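Trainee: Build me a structure from this.
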Amino acid sequence: MRPLRVLTWHVHGNYLWYLSQARHQFFLPTRTPGHGGYGGRGSTFPFGDNVIDVPAEDVRSGEFDCVLFQHRSHWERDQYELLSEEQRRLPRIFLQHDPPWEAPADERHWVDDPNMLLVHCTNFNAMMFDNGRTPTKVIDHGVIVPDHVRYTGEIDRGVVVVNHLKQRGRKVGADIFEHLRSEVPLDLVGMAAEDLGGIGEVSPPKLAEFVSRYRFFFNPIRYTSLGLAVLEAMMIGLPIVGIADCEIVTVIRNGENGYLETDPKNLIPHMQRLVADPGEARRLGEAARKYAMERFNIQRFARDWEQTIWEVAGDSIARPNRSAEQSVPQLAGA
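Mentor: Numbering: from 1, shown residues only. Next up is the predicted model:
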């Protein structure tokens, strides 16, 4: 079976890198400047040959088997600017990365189409959205960390990885971070981390090695999907400390692979103990790594996406047979 040709956008770089491990071809529309999902492959991630840039103006003349939407604006606006009428009748999937932001538990998902598939990243997200008439499926995350990177924990501090923490405020736990770092040594990493006295941004491919030296990973976020940075930290063997909310409560078990609490102040003694006891931190981290490897391994994730795309778009290969290699050059920039 030839790889299917999937038109999608570069919305979340890490997720796209992991998605590209599936044995399909992913075509990314590009524009200059490359904002709003039009940055294409870029230079941050080592994408393989199955990730192909396509100038936005050439998308209409391309041949695809499936359209994978990842952002509301691409569904509500961009598809009408980019796609032909025939392309808009292709099999379609909407990948919903986040829980509902506007009205948790009451927000109706904007797709509401019985003829396409809505994929959620967590069961919590799927449960919180009113999915309307759209068939839904949950595909758990899968992550990759470099083979040589493992937990060392020699820095007796916790590490926090959140982009634009100060700007995004309470939802992502800016106040929780500021309160707890007055009690426990914590370093902040991410875009604009300097605004809160943090270290700054670390390139995603280098992040795992950077955080591996810390004693524990702290996730202060109140309301979110299940962060890839949390799972990557687990995969290299960091114990996780965080707020007990959303999907993370299905991942972290107190005293086994980390600690979660609904009252942030109750996390302080756990953090202080991990700072003082590297052996305990390593024990929890090893359990975190074992759990992550079982539930969030990239092989399972890639298989789930391969199967899902085939289930949705498999009928499209009944069109006149063309090998994937023959079809790629027909798109300018491919």
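
Trainee: what separates whichever helix in the chain runs longest from the chain centre, distance-wise?
Mentor: With DSSP state H applied, the helix covering the greatest number of residues in the chain is identified as helix 278-295. Using CA atoms, centre = their mean, to the nearest Å, the mean C-alpha position of helix 278-295 is found 21 Å from that of the whole chain.

Trainee: List the buried residues in that helix.
Mentor: When burial is assessed from 16 or more other CB atoms under 10 Å, helix 278-295 yields the following buried residues: 280-282, 284-285, 287-289, 291-292, 295. All C-beta spots, glycine's among them, are computed from the backbone N, C-alpha and C.

Trainee: between those, which is closest to residue 85?
Mentor: Ranking the buried residues of helix 278-295 by separation from residue 85, with CB to CB as the measure, puts residue 295 on top at 41.6 Å.

Trainee: I'd say the closest one and residue 226 touch.
Mentor: No: between residue 295 and residue 226 there is no contact under CB atoms under 8 Å: 10.5 Å.

Trainee: joint contacts of the two?
Mentor: Counting by CB atoms under 8 Å, 6 or more residues apart in numbering, the common neighbours of residue 295 and residue 226 are residue 251.

Trainee: residues in contact with residue 18?
Mentor: Contact partners of residue 18, counting by CB under 8 Å, 6+ apart, are 141-144, 228, 298, 301-302.

Trainee: Please disregard the earlier target; I meant residue 163.
Mentor: Applying CB under 8 Å, 6+ apart as the definition, the contact partners of residue 163 turn out to be 190-192, 201.

Trainee: How about residue 306?
Mentor: Residue 306 sits in contact with 22-24, where contact means CB under 8 Å, 6+ apart.

Trainee: go again using 6 Å as the cut-off
Mentor: Taking CB atoms under 6 Å, 6 or more residues apart in numbering as the criterion, residue 306 is in contact with 22-23.

Trainee: Sort out which residues of the helix or strand that it is a member of are buried, please.
Mentor: According to DSSP states H and E, residue 306 maps onto helix 298-313. Counting neighbours by 16+ other CB under 10 Å, one finds that the buried residues in helix 298-313 are 298, 301-302, 304-306, 308-310, 312-313.

Trainee: Next, the angle from it to helix 278-295.
Mentor: On the basis of axes from the mean of the first three to the mean of the last three CA atoms, to 10 degrees, helix 298-313 is oriented at 30 degrees to helix 278-295.

Trainee: May I see the buried residues of helix 298-313 arranged in JSON lines, with pLDDT as well?
Mentor: Listed next are the buried residues of helix 298-313 as JSON lines, based on pLDDT from 0 to 100:
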{"residue": "298", "pLDDT": "98"}
{"residue": "301", "pLDDT": "98"}
{"residue": "302", "pLDDT": "98"}
{"residue": "304", "pLDDT": "98"}
{"residue": "305", "pLDDT": "98"}
{"residue": "306", "pLDDT": "97"}
{"residue": "308", "pLDDT": "97"}
{"residue": "309", "pLDDT": "97"}
{"residue": "310", "pLDDT": "96"}
{"residue": "312", "pLDDT": "96"}
{"residue": "313", "pLDDT": "94"}
